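In: this one's sequence-less:
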């Protein structure tokens, strides 16, 4: 198994730029995107090295002959939704075909046809890849939950349900935007001082949240849960996600039904969707790998041996900040945090099994996000709420500036990359957003 | 104004059954539905008296000539979504045309053509009318919030934000089903006793929630709030909604991010969508009608004089229960509660203005629900959680049975009707659901 994996990941592409092991877009990744060029309307592509392979051209020139019919029409669509709806069997066939077409062993005439469908990344504009049907946001980082809990309940930071229930809530699907979209500072109500009316105005504690998005390929009928053992196979791919948050609005509105307007003004996603299959070498044991009877252990409906030993993903995620002053001075962005996705309390499969355990139906193109990704170290905290200890300790930037919250003009950049010795790196690309002033 | 309204509402239809003032489907209502007959695939219709007017046939026989082109294609659709997406100007034109075609003053040849498009309600099956893009559930009944709050905080039932913030949360859109769909009892985690693991199994406190749904016609671009004065005009129509709830799952999972699996297993909607324009005679002053500086009063972004004086809707909603024993004995359903929508703390316009106040974009076909509709009297409480005081005081049924929660085979029936002296009644129809045993 491991040998097969290594052999597959040693293969090279005739697209030379894909063979640099730190390029992030090797033959084995092939992330999906929606892109446009000067001459074309939005349509699907995949990333390979410094290029995009145009799936519309591939399809029109017969390179996808023999693939299921829905794949052909999906190559002309303006989003990845029709492609995702083709189902995981079709995705596997398409992936095999693409790897074959781009492999260095491809014959000269194939290379010639495929080369005609390559577009330079520089010439392409990346658009929103998926219109998510439903969006669910989890709270899967126990280190985030603990650090946030400490702000409000220093003696008892973690709520009693945390280690048993994958906590989540429904997010707002309509306001999901692609990386690069300006984020307008939202207005809203904040808590009044004793005896006066609440304030209504621009948020004074705008924050980001560093998260990973999972797109669902195959859903389930209403009333029929997805067993934990099948759950990971339902994932189409992953992206980066920034769950922008207005902490002052959130503090005033969230009781008793949870966050609402503090989050629904915008959520950014990265333009690349990395196939879940491309993460195979980076799958590692879950953070908790207990037996059935451990008091911390997952309940049976959340437990699967294979998932416990290979269900987590060793993906390094980072948040970076560039202020207007840094931009003006030509200073690079400053890294605020770095954390591994493998340290989440729950695996992706557990999130899916839990979500459907009451019979709730997932649909193709649903988006499930992890919640803020933080690890144990304070430097790994994936939002300003944690990094500034609730706003009490502003962070110092190398430019001499400080921040307790995002200011207008600040740009937040999320990055994600999978690394493993002997394997080429797999990049999730970037998820960027600049804060625009309130209306 | 009032005289014009009365004159319009005095008009009769040549469809005789529509002229019985208690039929609930007068010429002035014309609720939308999606229906199918033995001979036809699902398509749109409107209710008039004891009949359905088939919009597909009307369109094909030229009765909609001159209406905007998108209306024509919408008449062939399997849901009301394309019709709703036509926008409020087109809806007004269609409504005027329909009232004209069905008015007793219509000429004989028109009557003849229209009569050919009438289908008996008995011969039609009603289907899910709208595929909601996003679903938001509010908490707009202060009496519900107070009674539920008393269960947990007897001394301080109402949270400090309640009178200022229209509390709401994102619901699950994928599991919305139409009246008549069986509701499978969900399983989930419940709170463990000290020192043991949580339970996982079928809910033991299944409940209903009596609510009203608002479907959005015209949305807003991301970042551009809908002002309160324009908000009511964005509503396409209203329906009944049952927000089925598993109270034991909810109690264990809801901190800190709100209800999730306790609600997402199913939400029922009624098949008729009553045009918001049909509610004009039943609009009444909001429950609170204060000036700007009242300490209870809405903040300026939630205040509009017209809305305060005409923004509430005097709609009577009722919840009924029929147990399997009652069904077997031929006993009718038993009424559990009756309440007026006018007693909500917030008007529909305030819910929309608040929802978009942070820039969140509403889309055509979004569904906004009111939350449980209860009034001051205990007999008006719109869910079992209230009626049984948290399950502590089972209710007595005329059959001799008791209930502290819904049992398998129980059917919940929601009804809604607008009544006003001198005006024909406008019915919302029914929203029904029978509880099926857990898997």
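Out: Everything's here; your move. Being a predicted model, the structure only gives us computed values, none of them experimental. Numbers count the residues shown, from 1 in each chain, chains lettered A, B, ... in the order given.

In: Against which helices or strands is the helix or strand residue A:148 falls within packed?
Out: In this structure, residue A:148 is located in helix A:142-152 according to DSSP states H and E. Contact here means 3 or more CB pairs under 8 Å, 6 or more residues apart in numbering or on different chains; DSSP states H and E; on that basis helix A:142-152 packs against helix A:384-387. Every C-beta, even on glycine, is put in place using the N, C-alpha and C of the backbone.

In: Would you tell me what the next helix or strand after the helix it packs on is?
Out: For helix A:384-387, the following helix or strand on the C-terminal side (DSSP H and E) is strand A:395-396.

In: and the next element down the chain from that next one?
Out: Toward the C-terminus, strand A:395-396 is succeeded by strand A:402-403 as the next helix or strand (DSSP H and E).

In: Beyond that next one, next helix or strand please.
Out: Counting by DSSP H and E, the element after strand A:402-403 in chain order, helix or strand, is strand A:411-418.

In: just how off-centre is that following strand within its chain?
Out: Remark: strand A:411-418 is offset 10 Å from the chain centroid, using CA atoms, centre = their mean, to the nearest Å.

In: For it, which strands pair with it and how are they oriented?
Out: Strand pairing for strand A:411-418, using DSSP bridges, gives strand A:315-322 (antiparallel), strand A:426-436 (antiparallel).

In: could I get those as TSV with distance to residue A:77, mean pLDDT and mean neighbour count?
Out: Below are these laid out as TSV (distance: least, CB to CB, whole Å; pLDDT from 0 to 100; neighbours: other CB atoms under 10 Å in any protein chain shown):
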stretch	distance to residue A:77	mean pLDDT	mean neighbour count
strand A:315-322	28	98	22
strand A:426-436	21	98	22
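
In: Any chance of JSON lines for those strands, columns distance to residue A:74?
Out: Below are those laid out as JSON lines (distance: least, CB to CB, whole Å):
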{"stretch": "strand A:315-322", "distance to residue A:74": "27"}
{"stretch": "strand A:426-436", "distance to residue A:74": "22"}
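
In: what residues does the very next helix or strand once past the helix holding residue A:148 touch?
Out: Downstream of helix A:142-152, the first helix or strand assigned by DSSP H and E is strand A:168-170. Strand A:168-170 has contacts (CB atoms under 8 Å, 6 or more residues apart in numbering or on different chains) with A:134-139, A:258-259, A:351, A:354-355, A:371, B:169-172, B:257-258, B:260, B:264.

In: Okay, buried residues for stretch A:150-160 please.
Out: By neighbour count, and taking 16 or more other CB atoms under 10 Å in any protein chain shown as the criterion, the buried residues in stretch A:150-160 are residue A:150.

In: Now do that stretch: everything it contacts.
Out: In this structure, residues lying in contact with stretch A:150-160 by CB under 8 Å, 6+ apart are A:142, A:145, A:146, A:147, A:148, A:149, A:385, A:389, A:390, B:255, B:256.

In: Averaged over its residues, which helix or strand of chain A has the lowest pLDDT?
Out: helix A:2-10 (a mean of 91; mean pLDDT, DSSP states H and E).

In: quick one: contacts of that one?
Out: When contacts are taken as CB under 8 Å, 6+ apart, the neighbours of helix A:2-10 outside the stretch itself are A:26, A:28, A:280, A:281, A:422, A:423, A:424.

In: In the stretch 301-439 of chain A, which residue sits nearest chain B?
Out: Distances between the stretch 301-439 of chain A and chain B by CB to the nearest CB are smallest at residue A:358, namely 3.8 Å.

In: ugh, typo on my part, it should be chain A
Out: Counting by CB to the nearest CB, chain A gets nearest chain B through residue A:258, at 2.4 Å.

In: Spatially, what comes nearest to that residue if we skip its sequence neighbours?
Out: In space, not counting the residues next to it along the chain, residue A:258 is nearest to residue B:258; the distance is 2.4 Å by CB to CB, 6 or more residues apart in numbering or on different chains.

In: again with residue A:225
Out: Closest residue to residue A:225 in three dimensions, ignoring its sequence neighbours and counting by CB to CB, 6+ apart: residue A:356, at 4.5 Å.

In: Just list whatever residues bridge to the closest residue to residue A:182 other than its chain neighbours.
Out: If the residues on either side of it in the chain are set aside, residue A:182 comes closest to residue A:436, at 4.5 Å by CB to CB, 6+ apart. Beta-bridge partners of residue A:436, counted by DSSP bridges, are residue A:184.

In: and residue A:436, what is it in contact with?
Out: Residue A:436 touches A:182, A:183, A:184, A:185, A:408, counting by CB under 8 Å, 6+ apart.

In: Filter those down to the buried ones.
Out: In these, burial by neighbour count holds for A:183, A:184, A:185, counting by 16+ other CB under 10 Å.
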